[in-house]
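1. need coordinates for the following:
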Amino acid sequence: MAVRARIDHLVTSGTFSLDGGTWDVDNNVWIVGDDEEAVVIDAAHDAEAILAALGGRTLRAILCTHAHNDHIDAAPALAEATGAPILLHRDDLPLWKQTHPGRLPDGELGDGQRVPVADVEFEVIHTPGHAPGAVCLHVPALGTVFTGDTLFAGGPGATGRSFSDFPTIIDSIRERLLTLPSGTAVRTGHGDATTVEAEAPHLAEWIARGH
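-> Down below sits the predicted model:
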């Protein structure tokens, strides 16, 4: 039987701020569901645009891959408009509070947790390194993993700022992501999608570069 759930993609624009610097960024917002209900992965920058892309579907949850401000800045407004809970790994609460000091997430995303929507299920994979509470969201039925800023086309996410660590992100990618089926599509927090198969051969290069 064919899977009803589909993946919709929206790009929003804003800024990323950390450690006293601010940069212009474009973020991928992923919406996964069917014609009736959906979840949003990373409510970035523009709650109104995300609401329009939902098209009246019931929003079941706002899933945060991590709590850098460019991935969560629109989450409270989207939650207020829809009644959907915001879910975040507990280890990223210090980052969350830098952006939303007066509003906590509504629940947690823990390693191994399963989040259902439509006729598919997300498997939460804790992948620290870019941020302590970074998670990736694997949807086996769609052959996809949503990696936030943990893995991009061409290498791991940045680890040069507070709360990040290069050896940790390499361990996360090696042990938790590159072990997924090789054909798994990698849908990222910024830029183009890739696959596990395309990225796996380059692990040694990334380690040597140490970026």
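2. now for the helix or strand of the chain with the lowest mean pLDDT, which elements pack on it?
-> Using mean pLDDT, DSSP states H and E, helix 203-209 stands out as the lowest-scoring helix or strand of the chain, at a mean of 92. Where contact means 3 or more C-beta pairs under 8 Å, 6 or more residues apart in numbering; DSSP states H and E, helix 203-209 is packed against strand 155-156, helix 166-172. All C-beta spots, glycine's among them, are computed from the backbone N, C-alpha and C.
3. run the chain-centre distance for whichever helix or strand comes after the last one.
-> For helix 166-172, the succeeding helix or strand toward the C-terminus, using DSSP states H and E, is strand 185-188. Computed by C-alpha atoms, centre = their mean, to the nearest Å, the separation of strand 185-188 from the middle of its chain amounts to 10 Å.
4. each with direction, which strands does strand 185-188 pair with?
-> strand 144-148 (parallel), strand 194-195 (antiparallel) (DSSP bridges).
5. doesn't residue 197 lie inside a helix?
-> Yes. Per DSSP: H, G, I helix; E, B strand; the rest coil, residue 197 lies within a helix segment.
6. would you agree it is in contact with residue 180?
-> No. With contact defined as C-beta atoms under 8 Å, residue 197 does not count as touching residue 180 (10.0 Å).
7. which one of those two has more residues nearby?
-> residue 180 (21 against 15; other C-beta atoms under 10 Å).
8. and that one, what pLDDT?
-> Residue 180 carries a pLDDT value of 98.
9. now residue 183
-> For residue 183, pLDDT reads 97.
10. so who does it touch?
-> 143, 195, 196, 197 (C-beta atoms under 8 Å, 6 or more residues apart in numbering).
11. and the second one, how far from residue 175?
-> This means residue 195. 18 Å (C-beta to C-beta, to the nearest Å).
12. how about residue 11?
-> Counting by C-beta to C-beta - residue 11 and residue 175 are separated by 30 Å.
13. those two: which is more packed in?
-> For residue 11 versus residue 175, the count of surrounding residues by other C-beta under 10 Å is larger for residue 11: 14 against 11.
14. secondary structure class for the nearest residue to that one once chain neighbours are set aside?
-> Distance criterion C-beta to C-beta, 6 or more residues apart in numbering; nearest residue to residue 11, sequence neighbours excluded, is residue 26 at 5.4 Å. Following three-state DSSP, we place residue 26 in the strand state.
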